[in-house]
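A.B. asks: sequence plus predicted model, see below.
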Amino acid sequence: MENFIAYNPTKVHFGRNVVEELGTAAMELGKKVLLVYGKGSALKNGSYDLTKQQLIKTGAEVIEYSGIKPNPLVADVDKAAQTGIENNCDLIVAVGGGSVIDSAKIIGICIAVLLIFLTPFFRFVIELASWTDNQVWRLFH
């Protein structure tokens, strides 16, 4: 397994009517949103509609993935991550219960890892880091 460092800052908006701030908060992070949800409660209780309205209201481009099931499947997470990569999404917004939220976390990690390992820049950074380590070693020995 390759060594890596994961940096995952979290900001929680909690309370009444905080969804009204969603679009503004999202736009601080990016303009292309991967909206992830299941096929149940988020559609029935109106939270999907409200979330999408808030995102669109602030000018976000919304790409949707609605395939998350209770007790999520790896295949669904893979498909959602691929959707995010293919559409160059800047951020993920999850609407739903625990399965959707947990899936969104893994989708984010999958997108980050796939982009790192598929990008020529990553290879350049590794080569530069190796060169730098070698040069630093020479300075102190």
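C.D. replies: The structure has been received and is ready for your questions.
A.B. asks: of all residues in this structure, which one is nearest the centre?
C.D. replies: Taking C-alpha atoms, centre = their mean, the centroid of the chain lies closest to Gly108, which sits 3.4 Å from it.
A.B. asks: where does the prediction get shaky in this structure?
C.D. replies: Within the chain, the segments meeting pLDDT under 70 span 116-141.
A.B. asks: rerun that using 50 as the cut-off
C.D. replies: 121-141 (pLDDT under 50).
A.B. asks: count of neighbours near Phe4?
C.D. replies: For Phe4, the count of nearby residues is 8 (other C-beta atoms under 10 Å). Every C-beta, even on glycine, is put in place using the N, C-alpha and C of the backbone.
A.B. asks: residues contacting the residue nearest to the centre of the chain?
C.D. replies: Contact analysis of Gly108 by C-beta atoms under 8 Å, 6 or more residues apart in numbering lists Ile92.
A.B. asks: any idea how far it lies from Val33?
C.D. replies: For Gly108, the distance to Val33 equals 12 Å [C-beta to C-beta, to the nearest Å].
A.B. asks: overlap of the contact sets of those two?
C.D. replies: Joint contacts of Gly108 and Val33 (C-beta under 8 Å, 6+ apart) are Ile92.
A.B. asks: would you map the helices across the protein?
C.D. replies: Secondary structure of the chain by DSSP state H: the helices cover 22-27, 41-44, 47-57, 74-86, 98-118, 120-140.
A.B. asks: now the third one: how far from the chain's centre is it?
C.D. replies: Computed by C-alpha atoms, centre = their mean, to the nearest Å, the chain-centroid distance of helix 47-57 equals 18 Å.
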